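Colleague: Provided below for reference: sequence and predicted model.
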Amino acid sequence: MELPVKACILLNILAQTIGSSYSIAYDVACVSNSECTDPNTYCKTSNSACAKGKCRCLEYMEWDSSDAKCKVKKYFCDRCNTTLTDCQRGSVCSGVNGQCICNGLTNNYYTKLGRCVNSPQVLKLIDEDCTTLSDCYVDNDAPGGVECVIPTDSSTSQKKCQCVAGYLSVKGAYCRKPFYGEKCKAAIGCNDMVANINGDTTIVALTCSADEICKCPTGSEKGRYHFDGFIIDICVTEYESTAKTSGEECDASNECESKVCESCPEDSAIKKCFATLD
């Protein structure tokens, strides 16, 4: 059984010292590192179709908008400092013991989830015993994806938290809708979180085909898209004219050979076809 962790094991992790002064140069267009004057930032190159990159935090850091500086990313049980580090995945930096903790008596850390979850009870994860659905952890992105039932292959009458047919188990912890190329059920459908994203109506929702696989609907084809730190497969409507090549201006994803139409750091008002997603 997955037990929430209440206490941290002391970890002797060295945090890089971060300068206290900063400018307004973060996230602006740049050509070289010298243009990024905020401490612990560098000029991150954009796509080859673009002339400039953007000033971003070093790879192991992230921007804290409230303090306007880059902070070292830390996780549950890591040593932390409220001015130098940023605790991730629901944890906060304790001023008492200087570690990332789950704040509050009802806030517990679940190893399989890799995050703190605030709940008045200890929640059960996939394949753990339950009495009612309220015993189970349900991910916010899939509110109907879990049920408390007797597994079909069970030899006992004990109910367990299970993914509803058509949802997929993630790390044996929670459930989500399927993405492109994964098994699906027509009644549930596929993950459509990026359909029409940023107002691009040529990006359309996946469909659960007759052979129960998430595919692009008729009149569309597979493309790729940056989403929440990942590159995922999407569906883009077919373009009725000659597709544009890398560097040409575009208005929508389906106009490009690569199915990627995004703006460059040097001019956010103009979109260009990218050769690939870097």
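Modeller: Yep, it's here. Residues are numbered from 1 along each chain as shown.

Colleague: can I get stretch 57-69 in PDB, CA atoms only?
Modeller: This file holds the C-alpha atoms of stretch 57-69, laid out as PDB (Å, rounded to 0.1, in the frame of the first residue of the first chain):
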ATOM      1  CA  CYS A  57      16.900  30.300 -16.100                       C
ATOM      2  CA  LEU A  58      19.600  27.700 -16.000                       C
ATOM      3  CA  GLU A  59      18.300  24.100 -16.500                       C
ATOM      4  CA  TYR A  60      18.000  23.200 -12.800                       C
ATOM      5  CA  MET A  61      16.300  26.500 -11.900                       C
ATOM      6  CA  GLU A  62      12.900  28.200 -12.600                       C
ATOM      7  CA  TRP A  63      11.700  31.800 -12.600                       C
ATOM      8  CA  ASP A  64       9.900  33.000  -9.500                       C
ATOM      9  CA  SER A  65       7.800  35.900 -10.600                       C
ATOM     10  CA  SER A  66       7.000  37.000  -7.100                       C
ATOM     11  CA  ASP A  67      10.700  37.500  -6.300                       C
ATOM     12  CA  ALA A  68      11.700  38.300  -9.900                       C
ATOM     13  CA  LYS A  69      14.700  35.900 -10.000                       C
END
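
Colleague: now do it: distance to the chain's middle.
Modeller: On the basis of C-alpha atoms, centre = their mean, to the nearest Å, stretch 57-69 is displaced by 17 Å from the centre of the chain it belongs to.

Colleague: how about residues contacting that stretch?
Modeller: Contact with stretch 57-69 is made by 18-19, 22, 26-27, 38-42, 56, 70-73, 83, 86, as judged by C-beta atoms under 8 Å, 6 or more residues apart in numbering. All C-beta atoms are positioned from the backbone trio N, CA, C, and that covers glycine.

Colleague: repeat for stretch 248-268
Modeller: Judged by C-beta under 8 Å, 6+ apart, the contacts made with stretch 248-268 from elsewhere in the structure are 28-30, 46-47, 49-54, 200-203, 221-226, 234, 236-239, 241, 243-246, 269-277.

Colleague: could you work out the end-to-end span of it for me?
Modeller: Length of stretch 248-268, first residue to last, C-alpha to C-alpha, to the nearest Å: 15 Å.

Colleague: in it, what's buried?
Modeller: Counting neighbours by 16 or more other C-beta atoms under 10 Å, one finds that the buried residues in stretch 248-268 are 250, 252-256, 258-262, 264-265.

Colleague: check which helices and strands the lowest-mean-pLDDT helix or strand in the chain sits against.
Modeller: For the chain, counting by mean pLDDT, DSSP states H and E, strand 220-227 ranks last in confidence among helices and strands (a mean of 83). Packing partners of strand 220-227 (3 or more C-beta pairs under 8 Å, 6 or more residues apart in numbering; DSSP states H and E): strand 203-204, strand 230-237.

Colleague: mean neighbour count, those: which tops it?
Modeller: Comparing the helices and strands packed on strand 220-227 by mean neighbour count (mean count of other C-beta atoms under 10 Å), strand 203-204 ranks first with a mean of 22.

Colleague: could you point out the helix or strand that follows that one?
Modeller: Towards the C-terminus, the helix or strand next in line after strand 203-204, according to DSSP states H and E, is strand 207-208.

Colleague: strand partners of that following strand, parallel vs antiparallel please.
Modeller: In the sheet, strand 207-208 lines up against strand 214-215 (antiparallel) (DSSP bridges).

Colleague: who's in contact with the partner strand?
Modeller: So strand 214-215 is in contact with 178-184, 190-191, 206-209, going by C-beta under 8 Å, 6+ apart.

Colleague: swap in stretch 40-51?
Modeller: Under the criterion C-beta under 8 Å, 6+ apart, residues 16, 18-19, 25-26, 30-33, 35-36, 52-58, 61, 69-70, 246-247, 262, 264-266, 272-278 lie in contact with stretch 40-51.
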